[in-house]
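>>> generate a structure from the sequence data that follows.
(chains A and B)
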Amino acid sequence: MQTIDLATTPLRELNTALQAQAAQTNQTEWQILNPKGAHAIAVGLDAPIEVTVRGHTGYYCGGMNKQATIRVAGSAGPGVAENMMSGTVVIEGDASQYAGATGNGGLLVIKGNASSRCGISMKGIDIVVHGNIGHMSAFMAQSGNLVVLGDAGDALGDSLYEARLFVRGTVKSLGSDCVEKEMRPEHLDLLRDLLDRAGADARPEEFRRYGSARKLYHFNVDHAAAY
Amino acid sequence: MDRPTPPSTAQTLPRNSHTWSPETNAEIRRAAETGIYDIRGGGAKRKLPHFDDLLFLGASMSRYPLEGYRETCDTSVLLGTRFAKKPIRLKIPVTIAGMSFGALSGPAKEALGRGATLAGTSTTTGDGGMTDEERGHSDQLVYQYLPSRYGMNPDDLRRADAIEIVVGQGAKPGGGGMLLGQKITERVARMRNLPQGIDQRSACRHPDWTGPDDLEIKILELREITGWEKPIYIKIGGARPYYDTALAVKAGADVVVLDGMQGGTAATQDVFIENVGQPTLACIRPAVQALQDLGMHRKVQLVVSGGIRNGADVAKALALGADAVAIGTAALIALGENDPKWGAEYAAMGTTADAYDDWHEGRDPAGITTQDPVLMARFDPLEGARRLRNYLAVLTLECQTIARACGKSHVHNLEPEDLCALTIEAAAMAGVPLAGTDWIPGRTGL
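Residues are numbered from 1 along each chain as shown, chains lettered A, B, ... in the order given. Predicted coordinates:
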């Protein structure tokens, strides 16, 4: 286990060391001490390493991650795992706004609650939130899956494209062009797999599925009131 | 046989209203017929105070000119000297502005890269990500980081030479974009991770930051991911240039790109293009003033775009304090966009060469603003590159000609003192005296 203490090591040295790990590195386990809300921790990683951050992080922890597994033993600030490409990011506590924004791949697990705009503009990432999510989540979400074990706030899935949303609790309101859809067997299988990978104690049958009505895909003046 | 009666000299001639002009009335009829606003490409078409309203004074008793064709007039530019380990080095003070693959064809993007490289300058990606052709043919490529993040990934971020965070655009400060389904081919859709053929919305604001305090942290993240090597540009539309420039500096920009309302777009509502934002001429001095007030002029470089057409425009922008200019519309025209040789096809679409602006429809006869394979085949990227190289060379030679006439051994030595204005408006906006006077409206006397 490699240990880097941010109380004594500059952020630049931390990220340089983590980014320098090659695919075949034998230094696969890292822990980061004293993050104290620092921004841009463990960003731009591209190796199958495991990084544990012991404490709370600031903005963009795990940003643009590829391959790495990053665990935050605390809560995460805005934009955690933004634009992730692959790998896994797990937040033991809560996540602030924009969690998983524009993510292209990989799995983001938030064991607490996620704030507003969770999964905004997501492009293929899978996000599983054990708690609740805030308003405008999955805004303009393009693809991927957002699973919420708790409740969703206002305007869920506004201007949605092809992302799939699964919510177990209540949805305060749906955004423009977001509708409830039939939960078919393939969706239950997908959900079962996501819940299993996220260590979530829930049954797929308890969820409802939401997706795009696809009415905004081509501009139509008769839909102007929805814009 | 009766002879026709000559018209009475007492008759009033038909008179069009300035307010209710034929163009205005036609637009009302079009809106009534279709129920949708007009969408088009390009920048503001209305007459605006512009560089034409400025003149250089040239050398005189108190200024010594440099010998044309003999004495050196340096045109090199270094961008990104504030924080980046690897600044951008340009041979000329003219760069190619961001234009997307999707809005433009692949061969057109290739031509921009090739032409810019031949001229010793950079080109810029756009919404929709970086293509291999563009990267391969561009010696120096600026990677736009846009609200949509279409095609954005850390590998492309790292293979870019600089990163341009797009906050705004001169044609539509505060606006997003719409690429109509006709241009969303399989490749464009795949790069943007969207279904093929749908109208694709480009967001108007970034998804994971709001305001300059957040942006400062976003820039930290981008620098951490790219090893602090790449210059970070911030592109702003011509809205509130003094404060926007100051806040861009505060957020950590290496370079500020300032785009006035004549700057083009691939597709936006005409009402937006013509009524939101400020002319390029009005934006430069406030932006330079902000840099000077912060002690950052020439430390954070300023790139100006929006209506740059010739070497005089380049020289005037530099004289007002810019470090370089960027061209978009002019580069497309150099490639062959709106060429009169396609006149019959423009006429068939109800327009004319030099006026065609329905770039979003993907029917461009010149094969530049389209994804139609038949139309694209009309465009030769090697010929386009040659034409762009030539045009960039002329811009540079013209700029040097003026700079030498003002006695400058580097184009950056041009200064406001070398200029006068032909109109009161231009004098006020550019902060230079009205021709024949020492009056700068708003600064000296009344």
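>>> rest of the way, CA atoms for contacts and neighbours
Noted.
>>> show me which helix runs longest in chain A.
Ranked by number of residues, the top helix in chain A under DSSP state H is helix A:185-197.
>>> mind listing what's buried along that helix?
Residues of helix A:185-197 classed as buried: A:187-188, A:191-192, A:194-195 (neighbour count, 16 or more other Cα atoms under 10 Å in any protein chain shown).
>>> could you single out the nearest of those to chain B?
Comparing these against chain B with Cα to the nearest Cα places A:His187 closest, at 19.8 Å.
>>> before we move on, back to that, return the list of strands paired to whichever helix or strand comes after the longest helix of chain A, each annotated with direction.
Using DSSP states H and E, the helix or strand that follows helix A:185-197 in sequence is strand A:208-212. Strand pairing for strand A:208-212, using DSSP bridges, gives strand A:164-167 (antiparallel), strand A:178-181 (antiparallel).
>>> got a list of contacts for the first one?
In this case it means strand A:164-167. Strand A:164-167 is touched from outside by A:143-152, A:157, A:207-211, with contacts defined as Cα atoms under 8 Å, 6 or more residues apart in numbering or on different chains.
>>> out of those, which is most surrounded?
When neighbours are counted by other Cα atoms under 10 Å in any protein chain shown, A:Gly157 leads those with 33 neighbours.
>>> I figured it was touching A:Met136, is that so?
Yes: the pair A:Gly157 / A:Met136 is scored as a contact, 6.8 Å apart, by Cα atoms under 8 Å.
>>> ok, residue 73 - contacts?
Because you didn't say which chain, this covers chain A. So A:Ala73 contacts A:52-56, A:91-93 (Cα under 8 Å, 6+ apart).
>>> my bad, chain B
Contact analysis of B:Cys73 by Cα under 8 Å, 6+ apart lists B:400, B:403-404, B:408-411.
>>> kindly report the same for B:Leu146.
Neighbour list for B:Leu146: B:126-127, B:165-167, B:206 [criterion: Cα under 8 Å, 6+ apart].
>>> got the residues of chain A near chain B?
Residues of chain A found near chain B (Cα under 8 Å from any Cα of the partner chain) are A:12, A:15-16, A:39-40, A:43-44, A:59-60, A:63-64, A:78-79, A:82-83, A:85, A:97-98, A:101-102, A:120-121, A:123, A:142-143, A:161-162, A:217-219, A:221.
>>> among the residues you listed, name the ones in strands.
Here DSSP state E is the test, and the residues of chain A next to chain B give A:123, A:143 as lying in strands.
>>> just the buried ones from the residues of chain A next to chain B?
Listed as buried from the residues of chain A next to chain B are A:12, A:15-16, A:39-40, A:43-44, A:59-60, A:63-64, A:78-79, A:82-83, A:85, A:97-98, A:101-102, A:120-121, A:123, A:142-143, A:161-162, A:217, A:219; burial here means 16+ other Cα under 10 Å.
>>> helices and strands of chain B: which one bottoms out on pLDDT?
Lowest mean confidence among the helices and strands of chain B (mean pLDDT, DSSP states H and E): strand B:177-179, at a mean of 74.
>>> quick check: A:Leu146 vs chain B, distance?
17 Å (Cα to the nearest Cα, to the nearest Å).
>>> so that residue sits right up against A:His130, yeah?
No: using Cα under 8 Å, A:Leu146 is not in contact with A:His130; the gap is 11.0 Å.
>>> ok, the contacts of A:Ala73 vs B:Pro373, which is closest?
Taking Cα to Cα as the measure, B:Pro373 sits nearest to A:Ile91 out of the contacts of A:Ala73, at 47.2 Å.
>>> ok, the closest one - contacts?
The contact partners of A:Ile91, by Cα under 8 Å, 6+ apart, come to A:71-76, A:108-112.
>>> give me that answer again for 10 Å
Shown in contact with A:Ile91 (Cα atoms under 10 Å, 6 or more residues apart in numbering or on different chains): A:53, A:56-57, A:70-76, A:80, A:108-114, A:129.
>>> just the buried ones among those residues, please.
Buried by 16+ other Cα under 10 Å: A:53, A:56-57, A:70-76, A:80, A:108-114, A:129, out of the contacts of A:Ile91.
>>> related to what we said a few turns ago, show only the entries of the contacts of A:Ala73 found in strands.
Short answer: those in strands (DSSP E) are A:52-54, A:91.
>>> returning to what we had before: would a markdown table of the buried residues of helix A:185-197 with distance to B:Asp53 be doable?
Putting the buried residues of helix A:185-197 into a markdown table (distance: Cα to Cα, whole Å) gives the following:
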| residue | distance to B:Asp53 |
| --- | --- |
| A:His187 | 64 |
| A:Leu188 | 67 |
| A:Leu191 | 65 |
| A:Arg192 | 68 |
| A:Leu194 | 64 |
| A:Leu195 | 66 |
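>>> which one of these sits closest to B:Pro93?
The nearest member of the buried residues of helix A:185-197 to B:Pro93, counting by Cα to Cα, is A:Leu194 at 52.8 Å.
>>> tell me the pLDDT at the closest one?
Listed pLDDT for A:Leu194 reads 98.
>>> contacting residues for it?
A:107, A:109, A:126-128, A:145-147, A:188, A:200, A:204 are the contacts of A:Leu194 under Cα under 10 Å, 6+ apart.
>>> got the contact list for residue 190?
Going with chain A. With the criterion set at Cα under 10 Å, 6+ apart, A:Leu190 makes contact with A:145, A:196, A:204.
>>> I was after chain B.
Applying Cα under 10 Å, 6+ apart to B:Arg190 gives the contacts B:128, B:150-151, B:184, B:196.
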